[in-house]
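>>> Everything below, folded, please.
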Amino acid sequence: SMWTRQLLVLATLLGLAWTSPYTSYQNQRFAMEPQDQTAVVGARVTLPCRVINKQGTLQWTKDDFGLGTSRDLGGFERYAMVGSDEEGDYSLDIYPVMLDDDAKYQCQVSPGPEGQPSIRSTFAGLTVLVPPEAPKITQGDVIYATEDRKVEIECVSVGGKPAAEITWIDGLGNVLTDNIEYTVIPLPDLRRYTAKSVLRLTPKKEHHNTNFTCQAQNTADRTYRSAKIRVEVKYAPKVKVNVIGLLPGSVSVSGSGSGSGSVAVSGSVSATIPTIPSSRIVEHSQVRLECRADANPGDVRYRWFINDEPINGGQKTEMVIRNVTRKFHDAIVKCEVQNSVGKSEDSETLDISYAPSFRQRPQSMEADVGSVVSLSCEVDSNPPAEIVWIQHPSDRVVGTSTNLTFSVSNETAGRYYCKANVPGYAEISADAFVYLKGSPAISSPRSQYGLVGDTARIECFASSVPRARHVSWTFNGQEISAESGHDYSILVDAVPGGVKSTLIIRESQAYHYGKYNCTVVNDYGNDVAEIQLQAKKSVSLLMTVVGGISVVALLLVLTILIVVYIRCKRRTKLPPADVISEHQITKNGGVSCKLEPGDRTSNYSDLKVDISGGYVPYGDYSTHYSPPPQYLTTCSTKSNGSSTILQNNHQNQLVVQQQQQQQNQQNHHHQHHTQTLPMTFLTNSSGGSLTGSIIGSREIRQENGLPSLQSTTASVVSSSPNGSCSNQSTTAAATATTHVVVPSSMALSVDPRYSAIYGNPYLRSSNSSLLPPPTAV
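Now for the predicted structure:
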């Protein structure tokens, strides 16, 4: 066995020594073999192949089909072997790559001339990628759908290798992954594919008028190609009810076509009104609610409901409650809108803020000592009222909830107030009594009074809890009852916490007056009170009447004295002469000119001449004013009971004018003898009758154009802007009238501030020395 082993080792060494140097130099081998590659149509691909100690012939095979041994690979325009023989580089170059180039390639070297074995590379697969065509949506550019009714949208991408990947994106930019069916269909060349994706869409209102996008791509081209389709969705109205306005006022749902009752409905809203945040609505204010509806198609119909009761005529977009009251609190206002697709609705719950009112007032109670009672005070308000219980008379707060429960004792019995307060409203309160049961207690005055001969009354008031069972009266030991005669009658009235009994004595006499006993009985006991009925002294009717008349007469006399005093005080205040108007010139005993039948609408006013002052503010009316004949005036002067009537009429107008001319001539002769003041006086004759003459003044223009004051003869002149009195010239020989010319000495006795010169600057001379007006300081 040992020899056998030695022989085997020797044979191996000899074999290695014989073959190793020769074969390592002569055998062909690959320095680089081709690998699998992927290329896009139109690209360039190079499959590497390098051979060391190439002895045989090299060729490339495509799917085991030889392409040739020359480097230009005749017959295959797009194929060539690139590289150099020195480097042993025989790489296969393909340009441009076509879909047909998708195959398995191998680099092969045939055996060498000296028997070197052939070699083959590994197969290299060339995968050719083809971008898909632009996708198309089979439904076109627009698809019409109805909300909540499913539709299918199909997107197809043809010719991709590999098959295109299809992605759906909605109008809001969201990538859709649900309800999509994806299918790949090989084309006849079995190399490319058609990709089809079906989107099963449930349309919503949000999808209306939006575009859905189908995107297609594969590994050959990562640039998305897309197609879009617009979705038109018909949907039922989307309704929202908002409170859009709060105004103080009166309740309606207004606009054209208003509804009946306190709610009216208005027409379409043309302007967007800011929505008021939901809050409490003040009672008696005006509330506007808007119903906004988004619908397709837009032909909609509105209906309003309050607590599911339809509003008559409520087919408009607004509802106005013009006087919202507390009965609308928590009311559900609903708006229903309908179109051809369907109908929907929205509602708003009204939150009305209103003043507190008692739903249940606390009730007075009767209880025994030690018992437990409960007072209840239920208040209706929004927001809920703050309730406070106050015990009277201590004014101590004893509770803050709706119910007040306590144990009855002498301290806790009495009056309790329930006060309810809501911010923004007046506080309300109600009271109740907790009466402690016990025997009655009479609290009436022990002395009462009546008038003899008149009806007398005696009152007996008793606090009695429980209510009195019996009330009796006695007088002189005798009980008073219906059998006591017609003189007496008894009235019994229940009052809070007790009873009041009234004993009535008709036509009371002296013997009816004295001590009466009142007895009150209840279940817990009784009480007796002795009441003294006393007679009052009456005052006689005659004295009362006389006293009343005296008081009235005294008040009347005081009133008359005050009125006389005020009038006298007003007369003593004469205004300055230069500001006296013609309406202020009136005194008792003066000459008054009053319009008789003339026109009262004339702008002329009456003239009344002051006898004592003798002031005529505008000088001689006979010279400067001749009134129209239609103003007939009666001028009368009164003194000592006698009067002289001066009349003027249209018939003697010419005679008056002639007499005025004669008077002017006579005045011219006397101007050097007598100087008169521009004042008017009335003189009395010695016989006591007034046959006076009015001495006037006349303006005579001097050569320098300034007016000068000249004396005039006695003439009877009286004129007013409302009428004209007769101006009759007289002489001493022709009439018995006494003509008085006021001398200068008399003129000095008159305050010059009451003269016409002072009041009229045109009558003043340059050397006139005038006093300042009384009002000057």
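
>>> What strands line up against the longest strand anywhere in the chain, and which way round?
What stands out as the longest strand in the chain, according to DSSP state E, is strand 221-248. Strand 221-248 sits in its sheet next to strand 142-146 (parallel), strand 210-218 (antiparallel), strand 285-296 (antiparallel), going by DSSP bridges.

>>> Ok, which of these comes nearest Trp60?
strand 210-218 (28.4 Å; Cβ to Cβ). Any C-beta I mention is one placed from the backbone N, CA and C, and that applies to glycine too.

>>> ok, back up a step: would you indicate which residues of the longest strand of the chain are buried?
221, 225, 227, 229-231, 233-239, 241-246 (16 or more other Cβ atoms under 10 Å).

>>> What of stretch 82-93?
In stretch 82-93, counting by 16+ other Cβ under 10 Å, buried: 83, 88-92.

>>> before we move on, what about stretch 518-526?
Result for stretch 518-526 [16+ other Cβ under 10 Å]: buried residues 518-522, 526.

>>> now, which of those residues lie within strands?
Short answer: the buried residues of stretch 518-526 in strands (DSSP E) are 518-522, 526.

>>> re earlier: let me know the closest of the buried residues of stretch 518-526 to Lys437.
Nearest to Lys437 out of those is Asn522 (Cβ to Cβ; 8.8 Å).

>>> which residues touch the closest one?
Contacts for Asn522 (Cβ atoms under 8 Å, 6 or more residues apart in numbering) come out as 439-440, 464-469.

>>> So Gly401 sits against Glu386, correct?
For the record, residue 401 is Ser, not Gly. No. Using Cβ atoms under 8 Å, Ser401 is not in contact with Glu386, being 10.3 Å away.

>>> quick one: which of those two has more around it?
Glu386 (15 against 10; other Cβ atoms under 10 Å).

>>> so what's that one closest to, chain neighbours aside?
Asn421 (4.9 Å; Cβ to Cβ, 6 or more residues apart in numbering).

>>> Mind pulling the model confidence for that neighbour?
Asn421 is assigned 95 on the pLDDT scale.

>>> next one: Thr713
32.

>>> cool, and the one 4 residues further on?
Val717 carries a pLDDT score of 35 in this model.

>>> Check Gly453 too.
88.

>>> need the contact list for the closest residue to it other than its chain neighbours.
Leaving aside its sequence neighbours, Gly453 sits nearest to Glu507 (Cβ to Cβ, 6+ apart; 6.5 Å). By Cβ under 8 Å, 6+ apart, the contact set of Glu507 is 453-455, 487.

>>> Quick check: the nearest residue to Ala220 once chain neighbours are set aside vs Ala164, distance?
What sits nearest to Ala220 in space, not counting adjacent residues and going by Cβ to Cβ, 6+ apart, is Leu129, at 3.6 Å. According to Cβ to Cβ, to the nearest Å, Leu129 and Ala164 sit 11 Å apart.

>>> what touches both of those two?
Asn218.

>>> quick one, which of those two is more surrounded?
Higher neighbour count among Leu129 and Ala164: Ala164, with 30 against 19, using other Cβ under 10 Å.

>>> from memory that one sits against Lys136, does it?
No. Proximity of Ala164 to Lys136 does not meet the contact threshold set by Cβ under 8 Å, at 11.5 Å.
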